[in-house]
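Chemist: Sharing a sequence plus its predicted fold:
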Amino acid sequence: MKSNITWHDASVGIEHYRKKNNHHSGVIWLTGLSGSGKSSIANRVNQRLFERGVQAFLLDGDNVRHGLNKDLTFTPEDREENIRRIGEVAKLFAEGGTIILTAFISPYQADRDQVRHILSTGDFVEVHVDCPIDECEKRDPKGLYKKARKGEIKGFTGVDAPYEKPDSPEIVLHSDRYDEEECARQLVSFLESKGWI
Ligand SMILES: Nc1ncnc2c1ncn2[C@@H]1O[C@H](COP(=O)(O)OS(=O)(=O)O)[C@@H](OP(=O)(O)O)[C@H]1O
Ligand SMILES: Nc1ncnc2c1ncn2[C@@H]1O[C@H](COP(=O)(O)OP(=O)(O)O)[C@@H](O)[C@H]1O
């Protein structure tokens, strides 16, 4: 597979982009149950960064599954491949100087670790959007828990498929205790404290 493929180093690299943008670049990886608030929080953070002139971009679960990953299902193997591809895409964005926010359930620690390890140390921020399943189920913004409880969706995360909480995330957002605005504020101030922005 790997033979006949040559790596090309570009003359403009990650440090040039960072210098031009005047901020760090890397991957802000939000993980959590469906309905925990990943998309809402990531969207607000992206908006805040944009308003500050930061080169930021949001990759969101449902949208990626409509395009790049539309061939993938929700088996453990396909979720792994989903996260692997997203990780590679996120890495390219980071190399181009962007702060990329991703909002995927990404239920397996090993898959999240794999993404962490393809990035340079410190360039991957694992964000646990922590919300108890009963609260997620109460919100049920897309009616999917209802369907899963009725058996109309099989292998739904938190119902009949696992969610492995992050072992050591860089930050935990308690989206059951704090509203969207406050969770977004906490994440932005974390990025400030790390000198990313
Ligand atoms: N079986 C099953 N389990 C979990 N989620 C399901 C399932 N089927 C469809 N959906 C919808 O797909 C969204 C999750 O896609 P992800 O790409 O984030 O999932 S994963 O990271 O590969 O596990 C998820 O979106 P969010 O609610 O935004 O998390 C659901 O809307
Ligand atoms: N603190 C909070 N953070 C994020 N979303 C919240 C919060 N409190 C309530 N919500 C609501 O919960 C729902 C979460 O949906 P969504 O952002 O799509 O979650 P996910 O992407 O994790 O599936 C939205 O309707 C949102 O308005």
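Modeler: Ah, there it is. As the structure is a prediction and not an experimental result, all values here were calculated from the model. Ligands and ions are numbered 1, 2, ... in the order given.

Chemist: Just give the nearest non-adjacent residue to the residue in the chain that ligand 2 sits nearest to, would you?
Modeler: For the chain, the residue closest to ligand 2 is G37, as judged by Cβ to the nearest ligand atom, at 2.3 Å. Where you see a C-beta, it was placed from the backbone N, CA and C, and this is true even at glycine. Of all residues beyond its chain neighbours, the one nearest G37 is S175 (4.0 Å), with distances taken as Cβ to Cβ, 6 or more residues apart in numbering.

Chemist: What does the pLDDT read for the residue of the chain closest to ligand 2?
Modeler: Reading off the confidence values, G37 has pLDDT 98.

Chemist: The one 5 residues further on too?
Modeler: A42 is assigned a pLDDT of 98 by the prediction.

Chemist: Quick check: the gap between it and ligand 1.
Modeler: Separation of A42 from ligand 1 (Cβ to the nearest ligand atom, to the nearest Å) stands at 10 Å.

Chemist: The strand or helix carrying that residue: which residues count as buried?
Modeler: Element membership for A42 (DSSP states H and E) is helix 38-51. When burial is assessed from 16 or more other Cβ atoms under 10 Å, helix 38-51 yields the following buried residues: K38, S39, S40, I41, A42, N43, R44, V45, N46, R48, L49.

Chemist: Do I have it right that F57 meets L101?
Modeler: Yes. Using Cβ atoms under 8 Å, F57 is in contact with L101, at 7.2 Å.

Chemist: where do the contact lists of those two overlap?
Modeler: Contact criterion Cβ atoms under 8 Å, 6 or more residues apart in numbering; residues bridging F57 and L101 by contacting each: N46.

Chemist: Identify the single longest helix in this structure, thanks.
Modeler: Secondary structure of the chain read by DSSP state H shows that its longest helix is helix 76-95.

Chemist: Packing partners of that helix?
Modeler: Counting contacts by 3 or more Cβ pairs under 8 Å, 6 or more residues apart in numbering; DSSP states H and E, helix 76-95 packs against helix 14-21, strand 26-31, strand 56-60, helix 61-66, strand 99-103, helix 109-118.

Chemist: And F57 and L101? Which one has more around it.
Modeler: The neighbour comparison of F57 against L101 (other Cβ atoms under 10 Å) goes to L101, with 28 against 15.

Chemist: what sits against the more buried one?
Modeler: Contact criterion Cβ under 8 Å, 6+ apart gives I28, L30, A42, V45, N46, A56, F57, L58, L59 as the residues in contact with L101.
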